[in-house]
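Participant: predicted model follows, preceded by the sequence.
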Amino acid sequence: MGTERDRLVSYAVDGHVARLTLDSPHNRNALSTRLVEQLHDGLRRAADDPAVRVVVLGHTGGTFCAGADLSEASGGDPVETTAARARELADVLRAIVASPRPVVAAVDGHVRAGGMGLVGACDLAVAGPRSTFALTEARIGVAPAIISLTLLPKLSARAAARYYLTGETFSSAQAAAIGLITVAADDVAATVAELAAELVKGSPQGLAASKALTTAEVLAGFDRDAERLATESARLFVSEEAREGMLAFLQKRPPSWLQ
């Protein structure tokens with residue numbers, strides 16, 4: 001997974017539990033190409049290790065994941081470049097869903113954009129009192145397109161409509177109430193440990209087959225819709241309205257449609 005210097009995702013095994021930790025706090029664990037590659041690598045290592053029964057996906061810093069790394073330079077056609085980044089996100093979300101090992105998100109910080117998709121992709125998710133969640137894409141002229149592949153199967157229809165459209169911030173307690181996470185816990189580490197202890201009682205075959213029953217429709221959604229959503233996401237991101245929304249956000253001013 002790279003040298004210590006360029007490691008953005010750490011990997012460690014403790015008994016039957018593999019721990020993947022997003023470790024890029026300087027940019028709020030943004031989904032850079034390198035981080036995504038290392039996350040893929042960690043998922044493969046866990047799947048290939050017969051001793052591993054469970055994967056825990058955690059983080060360092062005060063943000064679980066803030067979404068795409070907007071600082072990464074891009075060249076060529078902007079629509080195709082943006083679509084390629086959307087496909088990259090879809091691929092890593094699908095890898096979590098398709099992993100034969102149950103994946104548990106351990107969230108003790110803020111979750112935005114692509115980070116919401118990561119939480120949705122995990123089989124179980126625990127979040128602490130410091131955690132906040134929001135889907136603010138509509139406020140800057142875009143939409144939570146790719147992450148819908150993992151979020152819509154988890155959220156109630158009413159909750160999806162509310163939070164997709166309002167962009168309001170909500171707590172871990174509300175995230176549990178609407179199905180985004182499994183447990184809102186005061187002690188994330190202790191609760192994750194309790195869930196992992198229950199999960200490792202399953203056999204590798206039993207866990208993989210049981211997980212497959214819960215993910216079949218989600219994977220079918222990826223195969224059916226991911227390419228269309230990547231194209232739609234790219235179209236929105238390069239639009240004039242989105243450019244104004246993102247510029248207004250960076251300049252800390254109201255966008256033109258609020259003036």
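Facilitator: Perfect, thanks for sending it. Residues are numbered from 1 along each chain as shown.
Participant: from here on, contacts and neighbour counts on C-alpha atoms
Facilitator: Fine.
Participant: where along the chain do the strands fall?
Facilitator: Using DSSP state E, the strands of the chain run over 9-14, 17-22, 54-59, 63-65, 103-107, 110-112, 124-127, 132-134, 170-171, 183-184.
Participant: mind giving me JSON lines with the ones you listed and columns for mean neighbour count and mean pLDDT?
Facilitator: Formatted as JSON lines, the strands of the chain follow (neighbours: other C-alpha atoms under 10 Å; pLDDT from 0 to 100):
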{"stretch": "strand 9-14", "mean neighbour count": "18", "mean pLDDT": "96"}
{"stretch": "strand 17-22", "mean neighbour count": "24", "mean pLDDT": "97"}
{"stretch": "strand 54-59", "mean neighbour count": "25", "mean pLDDT": "98"}
{"stretch": "strand 63-65", "mean neighbour count": "29", "mean pLDDT": "94"}
{"stretch": "strand 103-107", "mean neighbour count": "27", "mean pLDDT": "98"}
{"stretch": "strand 110-112", "mean neighbour count": "24", "mean pLDDT": "96"}
{"stretch": "strand 124-127", "mean neighbour count": "26", "mean pLDDT": "98"}
{"stretch": "strand 132-134", "mean neighbour count": "21", "mean pLDDT": "97"}
{"stretch": "strand 170-171", "mean neighbour count": "16", "mean pLDDT": "97"}
{"stretch": "strand 183-184", "mean neighbour count": "21", "mean pLDDT": "98"}
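Participant: need these in TSV (columns: distance to R44).
Facilitator: Converted to TSV, the strands of the chain look like this (distance: least, C-alpha to C-alpha, whole Å):
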stretch	distance to R44
strand 9-14	11
strand 17-22	11
strand 54-59	11
strand 63-65	21
strand 103-107	12
strand 110-112	24
strand 124-127	19
strand 132-134	28
strand 170-171	32
strand 183-184	27
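Participant: so which of the ones you listed is nearest Y163?
Facilitator: Of all these, strand 132-134 sits nearest to Y163, with 7.2 Å by C-alpha to C-alpha.
Participant: partners of the closest one, with directions?
Facilitator: If you go by DSSP bridges, strand 132-134 pairs up with strand 110-112 (parallel), strand 170-171 (antiparallel).
Participant: for P254, find the nearest of the strands of the chain.
Facilitator: It's strand 132-134; of the strands of the chain, that one is closest to P254 (C-alpha to C-alpha) at 18.5 Å.
Participant: quick one on the thing from earlier: tabulate the strands paired with strand 132-134 (TSV), appending distance to P100.
Facilitator: Below are the strands paired with strand 132-134 laid out as TSV (distance: least, C-alpha to C-alpha, whole Å):
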stretch	distance to P100
strand 110-112	25
strand 170-171	30
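Participant: out of those, nearest to E232?
Facilitator: Of all the strands paired with strand 132-134, strand 110-112 sits nearest to E232, with 19.7 Å by C-alpha to C-alpha.
Participant: state which helix of the chain is the longest.
Facilitator: Taking DSSP state H as the criterion, the chain has its longest helix at helix 204-237.
Participant: could you give the angle of that helix to strand 54-59?
Facilitator: Relative orientation of helix 204-237 and strand 54-59, computed by axes from the mean of the first three to the mean of the last three C-alpha atoms, to 10 degrees: 30 degrees.
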